[in-house]
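the sequence and its predicted three-dimensional model are supplied below.
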Amino acid sequence: MGIEIKRVLEGLDGFEVDNVHTLNMEGKKKKRGGVVFAKPDYEKAYVTLKQPLSLPSNLFAIGLIEEEKAMSNKQSKSSIVNEQVKKTHWLDTDRGDGSKPKEDGADVIPEQITLESACD
């Protein structure tokens, strides 16, 4: 299998391959309710190139991420103070029927309907 990988990399991609090592990896297995589920086995290849591969510096956006962090730190250190909104409890708001709770927290119990027995 290593020779096939070497031919593909040299032919299609134009790399000069020095060495190829392959490993047969066993798929992970999970057990659910007594039933075993398994991912398929796969092959992993480690390829050594004759000349090191040089990656462009802008391939990963590390510089942009660092700039954004610096900008966010500058914004968080600014002298502008955000006003905080006073949080209220859901019972302290209007109930929809026009009634509001009392200031001391004791709420009015609605009128209880008494049922008279039909035997009277």
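On my side now, so go ahead.

which regions of this structure lie under the pLDDT threshold?
75-87, 91-120 (pLDDT under 70).

now do the strands in it.
17-25, 29-32, 35-38, 42-49 (DSSP state E).

possible to save the ones you listed as TSV with mean neighbour count and distance to S57?
Any C-beta I mention is one placed from the backbone N, CA and C, and that applies to glycine too. Shown next, in TSV, are the strands of the chain (neighbours: other CB atoms under 10 Å; distance: least, CB to CB, whole Å):
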stretch	mean neighbour count	distance to S57
strand 17-25	12	25
strand 29-32	8	41
strand 35-38	9	42
strand 42-49	12	20
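
distance to I65 added to the ones you listed, as CSV?
CSV is the format used below for these (distance: least, CB to CB, whole Å):
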stretch, distance to I65
strand 17-25, 32
strand 29-32, 35
strand 35-38, 38
strand 42-49, 28
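
for H89, find the nearest of the ones you listed.
strand 29-32 (43.4 Å; CB to CB).
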